[in-house]
Each structure stands twice: as structure tokens, then as C-alpha cells.
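K.L.:
predicted model follows, preceded by the sequence.
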Amino acid sequence: MAESYEVILLAAGSARRFAHPEKLNKILVPLADRPVFDYSFRLFNADISCLKIWFVVNPADQDLIQEQLTAMYKVMPEKIEWVIGGRERQDSVSRALAQMTCTDQRKVMIHDAARPFVTNELLEALIQAGKESLAVTLGIPAKDSMKIVRDGRVHCSLYRPEVWHIQTPQLFDCKVLRQAVDQAETEHFYGNEETELVERAGYPVKVIQGSDHNFKLTTAFDYQVARMLKET
Ligand SMILES: Nc1ccn([C@@H]2O[C@H](COP(=O)(O)OP(=O)(O)OP(=O)(O)O)[C@@H](O)[C@H]2O)c(=O)n1
Ligand SMILES: C[C@](O)(CO)[C@H](O)COP(=O)(O)O
């Protein structure tokens, strides 16, 4: 049987790179018959191993999200615990952790609500890997050549077989994640994502195969691709 976990569903970003003409958050835009956030939300809500969904939102979006959930589910799904997000992603995670109880063995998943193509198979692979690891992330190997570029010039070239694109969901031992986030805060360090913080705190991070489909809606182009995949 799959291990139980709680998920932090991150939806409190500002979607600047998405640049919606009416400034709508990308997690709220429609994809086929539902808002983007509902694709991952629905998966976690239906997964019996998922005990709670810590839904991290912007105050400005919360009413609309609640309206949409009530329209889709008729009553507010019981697993939801609302969290108001912070300025940076890490602040949003930290605020969710502050509301959670990290018991021994508790696993916590973190997922970008802006990744609507996550599947049960990816969740299952992560949960299996999490039985033997304190921190696991999905990733996919880089396909293009990868370089560090500074001021428009190549600073160095990276050895591609060792370069991976990191995705969510990511799965953590709750106490390890909390320690890593606390340490980063004490040291005024901000990472791009949470496995970076766990790595920095000295713990090994396992990477397992994600999926090309599990991309993040970052720009308007990503949305066009997502619509082609879901609406045709
Ligand atoms: N302070 C933040 C920043 C991001 N996120 C969430 O983290 C996920 C991935 O972040 P990103 O793609 O960077 O989203 P945005 O911050 O919304 O985008 P941008 O950086 O273009 O403004 C998104 O689901 C976003 O809502 C969050 O919960 N809290
Ligand atoms: C966590 C992440 O999805 C991994 O690719 C990504 O880092 C989140 O986006 P951000 O732009 O770094 O906030």
C-alpha cells in the first residue's frame, strides 16, 4: 500500500512571465473545461494516500478559487487547509510548514499548481522512491547543450549527461524539509526550489525520471502547448 502524505499545493505566485492580458493568475486560466489548478488538485483530492492539501494562495485569488471549487465539487473538499502565500516561493512553503504538524515519518509533497500534467504514475513512482529516501524529486535529462552565460558571453559549458531539468512533485520527510527551510531562513538564503535547500542542509536528494509532459506553465507559449494537448 502507498505511504500516506500531505501535499503543499503552491498557487500563490504572481505569474509575471505568463503576462496574462487581464493579469489573471496562470493557475486560474481555463484549460479545456477546468481551471489549471484543478488538474493537480483533483489528483491529490482523489488519492486516498493524500491526507491533506495545504492550498497556498494569494489573498487576491482566494475567493475565485473557492467559487470555482464549490462550482466543481458542490461542497468544499474536506482535505483543504488554506494558507496565504508569501513573497517568494520559499516563503509560501515556509508558511505552509508553519501550519503543519511534522510527526515522525510524516511525508510531505510539494507541487506547483502550475503543472497540470502530473499523473498518478508519477505520484506512485515518487512515493515508492520516498520509502528509501528523505528527499526525492522528479527530473528529466537536458536535451539541448547547456552553458552558463554571463553578460551575453559563454562563461562555461556544462557536461550535459549530468544536467537535469527539475520538476515537481517533490517528496520529503517533513522534519528534514522543515530543518532545511529553517536553516535557509536563518542564513537569509533563498533557493529556487526546496530540494536545493535540503541539499544545502547536507542531505542526499534522489532524482527519479519525470516526464516531458509534466511541464510548468511559465509563459504564454506553455499555455498554448497545454491547450493543444488538452483541448484537441
Ligand atoms: N511566492 C510564490 C511564488 C510561486 N508560487 C507558486 O509556485 C509555482 C511555480 O512558480 P512560478 O512558475 O515561478 O510561478 P509564478 O511565481 O506565478 O511565476 P513568475 O515567476 O513568472 O511570476 C506556481 O504554481 C506558483 O503559483 C507560490 O506559491 N508562491
Ligand atoms: C520547482 C520548479 O518547478 C522546478 O523546476 C521551479 O523551480 C519553480 O519555478 P521558479 O520559477 O523557480 O519559482
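P.N.:
Nice, thanks for sending it over. Ligands and ions are numbered 1, 2, ... in the order given.

K.L.:
low pLDDT regions in the chain?
P.N.:
Applying pLDDT under 70 to the chain picks out residues 1-2.

K.L.:
strands of that one, residue ranges please.
P.N.:
5-11, 30-31, 34-35, 50-57, 80-84, 107-112, 135-141, 147-150, 153-157, 164-173, 206-209 (DSSP state E).

K.L.:
out of those, which one sits most buried?
P.N.:
Per residue and on average, the most neighbours among the strands of the chain fall to strand 5-11, with a mean of 26 (mean count of other Cβ atoms under 10 Å). The C-beta positions use only the backbone N, C-alpha and C, and glycine is treated the same way.

K.L.:
does any bit of that strand sit next to ligand 1?
P.N.:
Yes. Interface with ligand 1: strand 5-11 contributes 10, 11 (Cβ under 6 Å from any ligand atom).

K.L.:
coming back round to it: could you dump the strands of the chain into a markdown table with distance to residue 218 added?
P.N.:
Converted to a markdown table, the strands of the chain look like this (distance: least, Cβ to Cβ, whole Å):
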| stretch | distance to residue 218 |
| --- | --- |
| strand 5-11 | 13 |
| strand 30-31 | 15 |
| strand 34-35 | 17 |
| strand 50-57 | 18 |
| strand 80-84 | 22 |
| strand 107-112 | 10 |
| strand 135-141 | 15 |
| strand 147-150 | 19 |
| strand 153-157 | 24 |
| strand 164-173 | 12 |
| strand 206-209 | 21 |
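
K.L.:
right, so of the ones you listed, which gets closest to residue 17?
P.N.:
Proximity of the strands of the chain to residue 17 was assessed by Cβ to Cβ; the nearest stretch is strand 107-112, lying at 13.2 Å.

K.L.:
anything in the closest one near ligand 2?
P.N.:
Yes. Contact check for strand 107-112 against ligand 2, using Cβ under 6 Å from any ligand atom: residues in range are residue 112.

K.L.:
adjacent strands (with direction) for that strand?
P.N.:
On the basis of DSSP bridges, the sheet neighbours of strand 107-112 come out as strand 5-11 (parallel), strand 164-173 (antiparallel).

K.L.:
which strand residues bridge residue 108?
P.N.:
Beta-bridge pairing of residue 108, defined through DSSP bridges, involves residue 6, residue 172.

K.L.:
quick check: residue 200 touching residue 191?
P.N.:
Yes. With the criterion set as Cβ atoms under 8 Å, residue 200 and residue 191 qualify as a contacting pair; they are 7.0 Å apart.

K.L.:
joint contacts of the two?
P.N.:
residue 184 (Cβ atoms under 8 Å, 6 or more residues apart in numbering).

K.L.:
tell me which of those two has more neighbours.
P.N.:
Neighbour count, other Cβ atoms under 10 Å: between residue 200 and residue 191, residue 191 has more, with 17 against 14.

K.L.:
so what's that one up against?
P.N.:
90, 184, 197, 200.

K.L.:
can you give me the distance of it to ligand 2?
P.N.:
Summarising the geometry, the distance separating residue 191 from ligand 2, computed by Cβ to the nearest ligand atom, to the nearest Å, is 9 Å.

K.L.:
phi, psi for that residue please.
P.N.:
phi -100, psi 170 (degrees, to the nearest 10).

K.L.:
for burial, what's the neighbour tally of residue 218?
P.N.:
Neighbour count of residue 218, defined by other Cβ under 10 Å: 16.

K.L.:
could you find the closest non-adjacent residue to residue 218?
P.N.:
Among residues not flanking residue 218 along the chain, residue 17 sits closest, at 5.3 Å (Cβ to Cβ, 6 or more residues apart in numbering).
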